[in-house]
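# Give me coordinates for this.
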Amino acid sequence: MASPRYSLLIANRQTGSVRRLTFARRPALIAIGTVMSIPVLIGLGARWSARAEILSLQSTNAALQLENDSYKVATGELAQQITTLQGAMTDLTDQAQLDPSSRAAIDSLPSMVKSRAMGGAPMLTPTDTATTTGKPTQGVATASTLNILKDLLGALENRLDTVRTGVERQQALASATPSIWPVIGWLSSAFGSRQDPVNGGADFHPGLDISAEYGTPVKATADGTIESAGWAGDYGNMILLKHGYGMSTKYGHMSRLAVEAGQTVKRGQIIGYVGATGRTTGAHLHYEILLNGARVNPMNLLGAHR
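Next comes the predicted model:
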């Protein structure tokens, strides 16, 4: 069945002309419906678009939240590691503290010996810590903060290794430096020129004579290895103790020995007993310090008499 048709008359009052527009009802209704549905379709499209954007934002926010949580965990772990490293630096600082006599003895050593002991580098201080070039400002991304913490952690780890090596070398040098008196007694003959106690002639005394009661214990003045232990002519029963870094000590005229060649000893360990063996006029200990084979005045390295 054909759709009814309608006519629309349009008259011009000035000219009196009339125009007729004829249209079918169905196409007209379709056209009107189409025009009226456009805003509805636009609204629905905008709604669907907004919903899709909201879903996308929610998904992005969830991902960012997860990433932020991961950064927080990573940052917390890095901060804990940095705190641990700083604690280790503090411990090294405590370990690096030498007793006054050891410090004074090391300070008295030639710079060549100290430089060789420290590997050719200056003495390190554990209080030096790594620093960053700047502080992050408010607007710096979390990733940047994380990278800064990672860089700081790496710098601290490198510094800790360097300081630990320096402290270990310093402690090794301190342990090898003769800094205590080998026996309890009184100084009867100093280092240098003197009158020979046996024949009365001019004499150069290469060490110290420390008088003490016969049988008084004699102690190693630093860590080291016994190079020789036995009879040595005018020295009588003598011990040669090598400490490393070109340093060694001699102990002569002992009544008996408590160590043997090749043995490792520690500072303060008993190695023999005061006697009067060899060329001597009475019970005492003859004590020498040698640096790269040359005799030096032991008083330069000894601490307070004890």
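
# make it CA atoms for all contacts and neighbour counts henceforth
OK.

# From residue 14, how far out is the closest residue to residue 5 other than its chain neighbours?
Nearest residue to residue 5, sequence neighbours excluded (C-alpha to C-alpha, 6 or more residues apart in numbering): residue 24, at 4.2 Å. As judged by C-alpha to C-alpha, to the nearest Å, residue 24 and residue 14 stand 29 Å apart.

# what's around the residue nearest to residue 174 when sequence neighbours are not counted, how many residues?
Distances taken as C-alpha to C-alpha, 6+ apart place residue 102 nearest to residue 174, at 5.9 Å, with adjacent residues excluded. By other C-alpha atoms under 10 Å, the residues close to residue 102 number 24.

# and if you look at the one 10 residues further on?
Using other C-alpha under 10 Å, residue 112 has 11 neighbouring residues.

# List phi and psi for it.
Phi and psi for residue 112, reported as degrees, to the nearest 10, are phi -60, psi -40.

# That one and residue 162, how far apart?
Taking C-alpha to C-alpha, one finds residue 112 at 21 Å from residue 162.

# And for residue 65?
39 Å.

# repeat for residue 203
Relative to residue 162, and taking C-alpha to C-alpha, residue 203 is found at 49 Å.

# Look up phi and psi at the closest residue to residue 223 other than its chain neighbours.
In this structure, residue 223 finds its nearest non-sequential neighbour in residue 266, 4.2 Å apart by C-alpha to C-alpha, 6+ apart. Per-residue torsions, residue 266: phi -110, psi 160 (degrees, to the nearest 10).

# Next one: residue 266 from residue 220, what distance?
In terms of C-alpha to C-alpha, residue 266 sits 7 Å off from residue 220.

# the more surrounded of those two?
Higher neighbour count among residue 266 and residue 220: residue 220, with 26 against 17, using other C-alpha under 10 Å.

# is it true that the more buried one touches residue 270?
Yes: the criterion here is C-alpha atoms under 8 Å, and residue 220 meets it with residue 270 at 6.5 Å.

# overlap in contacts of the two?
Shared contacts of residue 220 and residue 270 (C-alpha atoms under 8 Å, 6 or more residues apart in numbering): none.

# Look up how far residue 10 lies from residue 16.
Taken as C-alpha to C-alpha, the span from residue 16 to residue 10 is 10 Å.
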